[in-house]
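In: with the input below, show me the fold.
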Amino acid sequence: PDPTPPRKRVDVPHDADWSNVKLTYADGLLTAEVPKKPTDALGTEFGDKAGQLEVELQERKSNVAALRSELESEELAIVSAQRALREAKVEFARTVAEERRQLAFE
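Out: Okay, here's the model as predicted:
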């Protein structure tokens with residue numbers, strides 16, 4: 001553990017320019033100057049991230065649409081297979097019934 005825990009913590013806004021932080025120490029007082037990023041830098045940074053997220057969102061929507069289409073096709077195939085199975089069971093039962101013969105015992 002750190003032997004001297006921090007005495008004070010402060011929240012720094014999201015637009016802090018960490019590359020230009022200035023610390024000064026005088027008379028036992030530490031002063032931190034944290035400038036804001038220029039507005040255009042923020043716009044570019046967040047615009048780029050937003051653009052990447054938008055592309056990712058569109059790709060995911062496209063994937064979901066493709067999966068839904070595939071799911072619908074599979075569901076139709078299931079219905080068709082169930083119908084064919086029912087028909088085969090009915091045909092099998094009919095064939096078995098036709099092949100039954102009665103035995104007469106005297």
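In: ranges for the helices of this protein?
Out: All helices of the chain, identified by DSSP state H, fall at 39-99.
In: residue ranges with poor pLDDT in it?
Out: 1-6, 40-46 (pLDDT under 70).
In: tell me, what residue is most central in it?
Out: residue 60 (7.9 Å; C-alpha atoms, centre = their mean).
In: quickly note the distance from that residue to residue 67.
Out: 10 Å (C-beta to C-beta, to the nearest Å). To be clear about C-beta, it is placed using only N, CA and C from the backbone, and glycine gets the same treatment.
In: with residue 61 instead?
Out: In terms of C-beta to C-beta, residue 61 sits 11 Å off from residue 67.
In: again, but for residue 27
Out: 66 Å.
In: those two: which has the busier surroundings?
Out: Using other C-beta atoms under 10 Å as the criterion, residue 27 and residue 67 rank with residue 67 on top: 10 against 4.
In: need phi/psi at residue 12.
Out: phi -110, psi 130 (degrees, to the nearest 10).
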